[in-house]
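Participant: mind looking at a prediction? Sequence and model below.
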Amino acid sequence: MTDEHRLEIDAYLENVARSNVEFGAVIPDADVRSRIEEEIATKSGCKAEPLATDAATGRAIELRRRSISASPRTFVEETKREIERIASELRSAGAKKFEIQFANPDIADRSTDRILIGVRYLKS
């Protein structure tokens, strides 16, 4: 990965941490998910693709659920670390396709400051 591409994801995540904020927490939208999937795909060699049908039939495998900070101050660094970890786990698992999902449970009442990340993948 080039330094230019790395700066692009850094700048993108910093923009998200400033602009996708509600109730003092980062709330990633579908565009953010797509951009993070793109970054994971580049690092892992896997293809980002919707896997809802495969999940319904039991073909999709789930990685351990993760969480990242919803705090605008720490969102960028934690997200970059998780991108690296997810890409590494997908490579190790021999994944060919994957998808991620975000959830911000009860963010409006501030009972959590974490963003849950689910990752599903297929080996073939």
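Facilitator: Cool, got the structure. Numbering: from 1, shown residues only.

Participant: count the neighbours of Ser71 for me.
Facilitator: Neighbour count for Ser71, taken as other CB atoms under 10 Å: 16. In short, each C-beta sits where N, CA and C put it, glycine included.

Participant: oh, that last question was meant for Arg18, not what I typed.
Facilitator: 11.

Participant: identify the residues contacting it.
Facilitator: Under the criterion of CB atoms under 8 Å, 6 or more residues apart in numbering, the contact list for Arg18 reads Pro72.

Participant: I'd guess it is in a strand, am I close?
Facilitator: No. According to DSSP: H, G, I helix; E, B strand; the rest coil, Arg18 belongs to no strand; its state is helix.

Participant: now do it against Ala103, distance only.
Facilitator: Separation of Arg18 from Ala103 (CB to CB, to the nearest Å) stands at 22 Å.

Participant: and the helices in the protein?
Facilitator: Assigned by DSSP state H, the chain shows helices spanning 3-19, 30-44, 52-56, 75-93.

Participant: what sits opposite the residue nearest to Ala95 when sequence neighbours are not counted in the beta ladder?
Facilitator: Once its chain neighbours are removed from consideration, Ala95 has its nearest residue in Tyr121; the separation is 3.9 Å (CB to CB, 6 or more residues apart in numbering). For Tyr121, the beta-bridge partners are Ile61, Phe98 (DSSP bridges).

Participant: would you agree Tyr121 is in contact with Ala87?
Facilitator: No. Proximity of Tyr121 to Ala87 does not meet the contact threshold set by CB atoms under 8 Å, at 11.3 Å.

Participant: which of those two has more neighbours?
Facilitator: Tyr121 (24 against 20).

Participant: tell me how far the more buried one lies from Ala52.
Facilitator: 13 Å.

Participant: can you get me a residue count around Arg66?
Facilitator: 18.
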